[in-house]
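**Student:** Sequence first, then the predicted structure:
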Amino acid sequence: MPPRQTPHFVSGLETLESELLAEKAAALGRTAIAAQRALVKLSSHPEHDDTRMRLLKAAARAVHHYFIQRELSGLRRHDDAIRDLAIPREVLVRLGAS
């Protein structure tokens, strides 16, 4: 006769950890979408004027937020994100990367 297993009860801490993990994933998704939208706006404005400078700053800020959220989620390298989002060099330079 196999040993009886005791039922597993979810503790308050496990519930909290699960909710925190879900929120991290959702926040990562939101920041990725925000970065992608900012990059699309930047790429759709080729003229080098005040509007483009504003869009460049907004894109750099959105990408920075995305990178921070990735790091909070344990993703330390951003090479794949840079490639997948096609983050232009002019944005990366504003972040101190090249």
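**Tutor:** Here it is on my side, so go on.
**Student:** what's the single longest helix in this structure?
**Tutor:** helix 12-43 (DSSP state H).
**Student:** Low-confidence ranges, the protein, go.
**Tutor:** 1-10, 97-98 (pLDDT under 70).
**Student:** what helices or strands is the longest helix of the chain leaning on?
**Tutor:** Where contact means 3 or more Cβ pairs under 8 Å, 6 or more residues apart in numbering; DSSP states H and E, helix 12-43 is packed against helix 50-72, helix 79-85. Any C-beta I mention is one placed from the backbone N, CA and C, and that applies to glycine too.
**Student:** Three-state assignment for Gly96, please.
**Tutor:** coil (DSSP: H, G, I helix; E, B strand; the rest coil).
**Student:** that older thread, quick check: angle from the longest helix of the chain to helix 50-72?
**Tutor:** 160 degrees (axes from the mean of the first three to the mean of the last three Cα atoms, to 10 degrees).
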